[in-house]
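> predicted model, plus sequence, below.
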Amino acid sequence: MHFVHKQGAGAMLNLRTVQLFIAVAERLSVSRAATAMHISQSALSRQIQGLEEDLGVRLFERIGKRLALTAEGEDLLPKMSQLLQQANGLSDRIHRLHNGEAGYLSLGATPQTIEALLAPVLRALRRNHSGIEIHLVEGPNERLLDYVESGTVHAAIAWAPHEQKFERLDLFKARLYAVLPPGHAAEGAQELDLTQLGDGPILSLRRGFMTRSMFDQACEDAGLRLNRITESASTQTLWALARSGMGVAVVSSSAVSQWHHKDVVPLTLNGHWVEEVVSAVRNVERYQPLALQAFQAELRSFLRDSPEGSRFRQFATTLL
C-alpha cells in the first residue's frame, strides 16, 4: 500500500471515504477493511491515497509488515468518527422528518381546550413521537385565527365559521353549559333553555372567545337582552363565582369535561343544544410541517375511542 503526502491541499470530505478510513484505522489491515466494506483492496488503497492527497497529510505508515496510524491519523480518527456519527444522526433525523416522526410544530388553542384536549393529546404525541417539539400559544378564538393567518402557529384548535381561506379538520361540536349558583330553580334539570335564565347576573368569558360568541349569537336568536354580564378570561374563575352565588356562568363543553360536579346544565334553545363546530384550522397558503399529520392522528385517536377521551366525549359531539 502506497500513500502520497501532498502539502497544503484541502477538499470537502466524502462520507464514504471517511467510512473507509475509519474501517482501515480500526482494523489496521487493508484486506480486512476491504472485506468488511465490500470493496477491493486496490480500490480501497486508491480511496485512502486520494483522501491523503485531499487532506495534505499522511494518515498511515508501515512499520515493517505492520500498518500503523501516523500522528495525524491518530488525531483525525476520533474527529472523523464523530463526524460520521453526526452524519448518520442527521440522516436519521431527515428520515424521521420525512415520515412526520420529528420536527417543530406550533399550535394555538384556548386555555380550556389546552386543558381538556391538547394536554392528553400532546402527552400521547410525545410518547409515540418523541422527536416532535411542540410550541403552544394560547388565546381567545379570534386571536387564534389571526395567529393562523399570520403564520404565528401552524394550526389552531378553533371555531372558524366563515373563514373560507382556512382548511379545517372538523373535530367536535362544542356545547354551551350553565354553571348554576346554589339554590337555582334549574338545579337538577336535564337542560336549561336560554329563555329561562331570567334577569339574574350572567358570568361569561370576554368577547373574542368562542363561548362568548356562541352565547351572544344564541341570545340574539332568542331575542334576549342581557345587560348584567360579568366577564373573565378564565372559566375556573367563572365557575368559582357561580358557585359563590354571584350568578349563572356560561361555559363550554371543553371546560365542563374537566370538572367533577353536578351543578352544570346544558343550555338549549327551542329544544336544541347551543353548539358550534370546533376544528383544527390551518392556513393553506403557508407551509405545513409533516409533523402536523402525526398530531392530527393523535387527535383522531383521542376523540374517537381512547379511554382517556371518554369524559370529553360525554360533553361534546365528536366528528372524526
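Looks like it came in fine. Please read these numbers as outputs of a predicted model, since none were measured by experiment.

> residues near Glu167, how many?
By the measure other Cβ atoms under 10 Å, the count of residues near Glu167 is 17. Heads up, the C-betas are built off the backbone N, CA and C, glycines and all.

> hey, what's it bridged with?
Arg282 (DSSP bridges).

> for it, give me its contacts.
Contact analysis of Glu167 by Cβ atoms under 8 Å, 6 or more residues apart in numbering lists Val281, Arg282, Asn283, Val284.

> all strands of the stretch 201-320 of the chain, in order?
202-205, 229-232, 248-252, 264-269, 272-273, 275-283, 317-318 (DSSP state E, counting those that start in this stretch).

> convert the C-alpha atoms of the fourth one to CSV, please.
The one in question is strand 264-269. In CSV, the C-alpha atoms belonging to strand 264-269 read as follows (Å, rounded to 0.1, in the frame of the first residue of the first chain):
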residue,chain,number,x,y,z
VAL,A,264,-73.8,22.1,35.3
VAL,A,265,-76.7,22.0,32.9
PRO,A,266,-76.7,22.0,29.1
LEU,A,267,-78.1,25.2,27.6
THR,A,268,-80.7,24.8,24.9
LEU,A,269,-82.7,27.0,22.5
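
> now it: buried residues?
For strand 264-269, the neighbour count (16 or more other Cβ atoms under 10 Å) marks Val264, Val265, Pro266, Leu267, Thr268, Leu269 as buried.

> each with direction, which strands does it pair with?
Counting by DSSP bridges, the strands paired with strand 264-269 are strand 166-179 (antiparallel), strand 192-193 (parallel), strand 272-273 (antiparallel).

> can you list contacts of the last one?
When contacts are taken as Cβ under 8 Å, 6+ apart, the neighbours of strand 272-273 outside the stretch itself are Lys173, Arg175, Leu176, Pro266, Leu267.

> residues touching the residue nearest to the last one when sequence neighbours are not counted, list them.
Right, Leu267. Leaving aside its chain neighbours, Leu267 sits nearest to Leu176 (4.2 Å; criterion: Cβ to Cβ, 6 or more residues apart in numbering). Neighbouring residues of Leu176 by Cβ under 8 Å, 6+ apart: 211, 214-215, 218, 250-253, 266-267, 273-275.

> again, 7 Å this time
By Cβ atoms under 7 Å, 6 or more residues apart in numbering, the residues touching Leu176 are Thr211, Met214, Phe215, Val250, Ser252, Leu267, Val274.

> looking at those residues, spot the one nearest Leu28.
The closest of those to Leu28 turns out to be Ser252 (Cβ to Cβ; 70.2 Å).

> which other helices and strands contact the helix or strand of the chain with the lowest mean pLDDT?
Lowest on mean pLDDT, DSSP states H and E among the helices and strands of the chain sits helix 71-98, with a mean of 84. Under the contact criterion of 3 or more Cβ pairs under 7 Å, 6 or more residues apart in numbering; DSSP states H and E, helix 71-98 touches helix 15-27, strand 102-109.

> nearest approach to Gln85 belongs to which of the ones you listed?
helix 15-27 (10.4 Å).

> what's that closest one packed up against?
Under the contact criterion of 3+ Cβ pairs under 7 Å, 6+ apart, helix 15-27 touches helix 30-37, helix 41-55, helix 71-98.

> the second one packs against which elements?
If I follow you right, that is helix 41-55. helix 15-27, helix 30-37.

> from the chain's centroid, how far away is the shortest one?
If I follow you right, that is helix 30-37. Relative to the chain's own centre, helix 30-37 is displaced by 45 Å; criterion: Cα atoms, centre = their mean, to the nearest Å.

> what does the longest one give?
In terms of Cα atoms, centre = their mean, the centre of helix 15-27 is set 39 Å apart from its chain centre.

> do the same with stretch 143-152
Averaging C-alpha positions (Cα atoms, centre = their mean) puts stretch 143-152 16 Å from its chain's average.

> give me the residues contacting that stretch.
Identification of contacts with stretch 143-152 by Cβ under 7 Å, 6+ apart yields 108-109, 137, 153, 155-156, 158, 160, 163, 166, 208, 281-283, 286.

> so where's the stretch 1-150 of the chain uncertain?
Scanning the stretch 1-150 of the chain for pLDDT under 70 picks out 1-12, 96-97, 99-102.

> thanks again, I'm all set now.
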